[in-house]
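**Student:** Sequence plus the predicted model coming up.
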Amino acid sequence: MTAFVEVKQEVFDPSVCLSQFTGRIGDEGAVVSFTGRARGQTKDGLPINALVLESYRGVTLASMQQIAADAHAKFAITASHVIHRAGRIKPLEAIVFVATASPHRRAAFEAADYLMDRLKTEAVFWKREEHANGSAWIEPTDADRSDVARW
Amino acid sequence: MTAFVEVKQEVFDPSVCLSQFTGRIGDEGAVVSFTGRARGQTKDGLPINALVLESYRGVTLASMQQIAADAHAKFAITASHVIHRAGRIKPLEAIVFVATASPHRRAAFEAADYLMDRLKTEAVFWKREEHANGSAWIEPTDADRSDVARW
Amino acid sequence: MNQSLNVELCGKLADSYGGSVTLDISPSGLPVRELFEAVSSAYPLLAPILAGGRIRACVNETIVPDDAIIRQGDTAALFPPVSGG
Amino acid sequence: MNQSLNVELCGKLADSYGGSVTLDISPSGLPVRELFEAVSSAYPLLAPILAGGRIRACVNETIVPDDAIIRQGDTAALFPPVSGG
């Protein structure tokens, strides 16, 4: 097993994904996971009803596969798993899950960090927060752009 | 909940720990976990029967608590969980588990990375790999020392 | 003979006219930059955002440069800046 | 009157004489650096490693500097370099 990438329409449990990932790998000593969860409030403190994530045909999955392939080329990881929700996501549900495995903890950390930076800015999704007063499209922030520029 | 630190004599399941950690926190958007697992072979390729981790009275837990407190002082994390095995550990069992939560993914990643670097070099444990031809004490590597020097 | 091309509108591009608009294109097709102009003139609420330089065209599931040619029968879409995670 | 002090030996320090050794110490106690010398002379297989400069003393569950005084009744231990994770 090397890179495994999925777009999921349904709620998923990151701890189950971590368990399955760890079960699939060999005897790598280092396993890192990242879970990104939908927040409950906008930056201005309005309660959020849902985050809506739009994907586009095969292009979304292909963009994730390219990012995962780049992570494997760049870091000494032996396995990775990337899961991204699409559709309507309620507060606290997982939006994205990344797991990496390596004999070396630095490689596992850096690859997970890199995967997230790339996913934030390059995975083909569009997202909109629905709140009581309407909805707002969310684009990558300046911090997201400077994070990805580090690599 | 802020820092939660444990030394465990028994096998534990990192995915269950991640699930419990995520259940305890609020609506932080970013959750990072690291799992360090016992390897099956020495650097020279000898099969390992067990990794034996010795701790010392209250000093071991206190060293972990100090490391966790430093991580909370240094990074914008809202919660952390550190679990460290002691005793006799078989190949592929988890040795260490670190989880961090933050509204910001950089803080969650950096705090987990920092916790591991400090634990590797400063947590009060002594470890010995038992293999077919005897046993060998394992001390921090040059890489471990340069990793922790980054902070 | 001209044919109607369906152009899918992704993300915030769908706010004004829904998820797709149609355009007539000739058998020789047209480059992406002319597609932008044609969409802007037929659907003026899209003009400011298409002029902003941050919209990319996707043809048959591949993101293409501004000089790529879109032909009759292609599957065309316009992408505003993406954001995962 | 001198009393026997039990000195716990951690990690690889236990390889030669087991997990602890004993020393007689006087009622006035002794500084850590003299404890190292006393252990080295009574348990010579420990002398090379104690001379290496990487061993720390722990008294009553606190790691202490070389000029700290160890007294009768204290819980003393010697720590080689630690390694978690």
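**Tutor:** Good, I have the coordinates.
**Student:** Wondering if the host helix or strand of residue C:23 reaches chain A at all.
**Tutor:** When elements are assigned from DSSP states H and E, residue C:23 belongs to strand C:20-25. No. Judged by Cβ under 8 Å from any Cβ of the partner chain, strand C:20-25 and chain A are separated, with a smallest distance of 12.1 Å. For the C-beta atoms, the positions are set from N, CA and C on the backbone; glycine is no exception.
**Student:** next one: stretch C:5-12
**Tutor:** Yes. Using Cβ under 8 Å from any Cβ, we find that stretch C:5-12 touches chain A at C:8, C:10, C:11, C:12.
**Student:** Grab the two from those residues that are most spread out in space.
**Tutor:** The span of the residues of stretch C:5-12 next to chain A, defined through Cβ to Cβ, is set by C:8 and C:12 at 13.4 Å.
**Student:** now the helices for chain C?
**Tutor:** C:14-17, C:32-42, C:47-50 (DSSP state H).
**Student:** which one of these lies closest to chain A?
**Tutor:** Closest of the helices of chain C to chain A is helix C:14-17, at 8.2 Å (criterion: Cβ to the nearest Cβ).
**Student:** For that closest one, which residues meet the burial criterion?
**Tutor:** Buried residues in helix C:14-17, counted by 16 or more other Cβ atoms under 10 Å in any protein chain shown: residue C:14.
**Student:** Could you do stretch C:57-68 as well?
**Tutor:** Counting neighbours by 16+ other Cβ under 10 Å, the buried set in stretch C:57-68 is C:57, C:58, C:59, C:63, C:64, C:68.
**Student:** mind listing what the fifth one touches?
**Tutor:** Neighbour list for residue C:64: C:32, C:56, C:57, C:58 [criterion: Cβ atoms under 8 Å, 6 or more residues apart in numbering or on different chains].
**Student:** how about JSON lines for these, with distance to residue B:67 added?
**Tutor:** Shown next, in JSON lines, are these (distance: Cβ to Cβ, whole Å):
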{"residue": "C:32", "distance to residue B:67": "54"}
{"residue": "C:56", "distance to residue B:67": "46"}
{"residue": "C:57", "distance to residue B:67": "51"}
{"residue": "C:58", "distance to residue B:67": "48"}
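**Student:** re the thing from before, selection in PyMOL covering whichever of the residues of stretch C:5-12 next to chain A are buried, please.
**Tutor:** Buried residues within the residues of stretch C:5-12 next to chain A, by 16+ other Cβ under 10 Å, are selected in PyMOL with:
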select buried, chain C and resi 8+10+11+12
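**Student:** can you list contacts of stretch C:1-14?
**Tutor:** Under the contact criterion Cβ under 8 Å, 6+ apart, stretch C:1-14 has outside partners A:54, A:56, A:126, A:128, A:137, C:17-27, C:35, C:39, C:46, C:49, C:55, C:70, C:72-80, C:82.
**Student:** Name only those of the residues you listed that count as buried.
**Tutor:** Using 16+ other Cβ under 10 Å, the buried ones in those are A:54, A:56, A:126, A:128, A:137, C:21, C:23, C:25, C:35, C:39, C:46, C:49, C:55, C:70, C:74, C:76-80, C:82.
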